[in-house]
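[1] Everything below, folded, please.
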Amino acid sequence: MLTVEHVGKELSGKLILHDINLGFTQGVYGLLAPNGAGKTTLIKLLATLLAPDAGTIRWNGEDVAAMGERYRGIIGYLPQDFGYYPNQSPRRFLKYIATLQGVPRAEIASRVDELLAMVHLEDQADKRMRTLSGGMIRRVGIVQALIHRPRILLLDEPTSGLDPKERVRFRNIVHNLADDHIVIIATHIVSDLETIAGRIVMLGGATVTCNDEPAAVCERLEGHIYEVPEGFVLHDGQLLLSEIQRGGATAKRIYSPDPIGGRHPFPEASESAAASPEAASVREGAVVPVPPSLEDAFLLAYRD
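    This next block holds a predicted model:
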């Protein structure tokens with residue numbers, strides 16, 4: 001078990017984290033917050049790249065600072081920008097990393113091949129890394145974090161630069177690791193976490209503002225999320241979350257602290273939109289309650 005006990009951290013005279021208390025066991029944790037909220041600082045503290053100003057981080061009850069290399073040997077870490085040698089190939093680079101991480105020499109080649117296949121980079125394995133796309137480089141970064149079979153995987157904005165297909169592949173990889181790893185993903189991209197995270201941690205004002213299962217986070221908003229016509233006028237406490245195209249017309253997704261109902265006609269749409277059957281039904285102007293999502297919770301938590 002990895003525990004964070006009353007941890008605090010200041011950087012350049014600014015309080016970044018204050019009295020943080022968290023516990024992590026096997027599974028996937030989403031550290032969800034906007035940029036600047038402290039999630040990268042927390043990841044660096046967990047990776048021992050920063051030392052806390054207050055409190056302690058423990059692995060199975062032992063202070064990780066005292067464990068030193070024993071702790072770092074069980075961590076796989078992917079920073080936002082990881083260093084690599086542009087003129088090396090992924091295969092050569094990963095063999096180098098495996099050697100540094102103490103992977104037995106006899107296992108290195110097969111381990112590298114196994115992981116390159118897992119991220120679908122077999123065809124790029126011997127090309128110079130400076131010729132690869134940003135998404136391919138990110139996949140190499142994911143492999144270097146896994147090369148020594150870590151027990152704790154710390155991923156900071158892991159899908160940066162990945163296209164939608166690669167994001168799905170990444171989520172599948174993480175899902176397969178969940179049973180016997182602690183996986184902590186720091187991101188502001190909600191879709192990275194919706195289907196794979198067993199627990200969501202949100203940071204705000206230097207503290208933990210949410211630490212719960214995704215379903216429980218969404219349940220708190222049950223009965224408060226609506227789709228309304230474009231012309232709907234927001235009242236006190238109501239908040240616009242997003243805009244959605246429905247059959248050629250625009251609908252709004254909003255939060256309301258109180259129940260709302262009724263019909264609110266859309267403003268005139270274009271002739272082509274008006275001709276659409278879907279648009280005709282949307283233009284009826286119904287206010288429709290909809291199931292809340294994790295993105296709704298995120299937008300509400302960080303609405304300021």
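
[2] okay, CA-based contacts and neighbour counts for the rest of this
    Fine.

[3] For the spatially most central residue of the chain, give the beta-bridge partners.
    With distances taken as CA atoms, centre = their mean, the residue of the chain nearest its centroid is T187 (3.5 Å). T187 forms beta bridges with L32, as assigned by DSSP bridges.

[4] low pLDDT regions in the stretch 101-250 of the chain?
    In the predicted model of the stretch 101-250 of the chain, no residue satisfies pLDDT under 70.

[5] could you give me the average pLDDT of stretch 12-20?
    For stretch 12-20, the mean pLDDT works out to 95.

[6] contacting residues around A186?
    G30, L31, L32, A33, K39, T40, I43, L154, L155, D156, E157, P158 (CA atoms under 8 Å, 6 or more residues apart in numbering).

[7] which residue packs closest to P79, ignoring adjacent ones?
    D156 (5.1 Å; CA to CA, 6 or more residues apart in numbering).

[8] Neighbours of the one you found, how many?
    21 (other CA atoms under 10 Å).

[9] same question, the one 5 residues further on
    Using other CA under 10 Å, G161 has 16 neighbouring residues.

[10] host element of it?
    For G161, there is no host helix or strand (DSSP states H and E).

[11] Narrow the contacts of A186 to those in helices?
    K39, T40, I43 (DSSP state H).

[12] Need those residues in a markdown table (columns: distance to T25).
    Below are the ones in helices among the contacts of A186 laid out as a markdown table (distance: CA to CA, whole Å):
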| residue | distance to T25 |
| --- | --- |
| K39 | 19 |
| T40 | 20 |
| I43 | 16 |
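
[13] Considering these, which possesses the most neighbours?
    K39 (27 neighbours).

[14] That one is in contact with L31, isn't it?
    Yes - taking contacts as CA atoms under 8 Å, K39 lies within contact range of L31: 6.6 Å.

[15] Now list whatever residues contact both of the two.
    A186, T187, L203.

[16] Can you tell me the element the last one falls in?
    The one in question is L203. strand 199-204.

[17] next SSE after that strand?
    Using DSSP H and E, the first helix or strand after strand 199-204 is strand 207-212.

[18] outside of that next one, which residues touch it?
    Taking CA under 8 Å, 6+ apart as the rule, strand 207-212 contacts L17, H18, D19, I20, N21, R199, I200, V201, M202, L203.

[19] go again using 7 Å as the cut-off
    With CA atoms under 7 Å, 6 or more residues apart in numbering as the test, strand 207-212 has contacts from L17, H18, D19, I20, R199, I200, V201, M202, L203.

[20] JSON lines for the residues you listed, including distance to D126 and neighbour count?
    Listed next are the contacts of strand 207-212 as JSON lines, based on distance: CA to CA, whole Å; neighbours: other CA atoms under 10 Å:
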{"residue": "L17", "distance to D126": "43", "neighbour count": "26"}
{"residue": "H18", "distance to D126": "46", "neighbour count": "18"}
{"residue": "D19", "distance to D126": "47", "neighbour count": "16"}
{"residue": "I20", "distance to D126": "44", "neighbour count": "19"}
{"residue": "R199", "distance to D126": "38", "neighbour count": "22"}
{"residue": "I200", "distance to D126": "38", "neighbour count": "23"}
{"residue": "V201", "distance to D126": "39", "neighbour count": "21"}
{"residue": "M202", "distance to D126": "40", "neighbour count": "23"}
{"residue": "L203", "distance to D126": "41", "neighbour count": "23"}
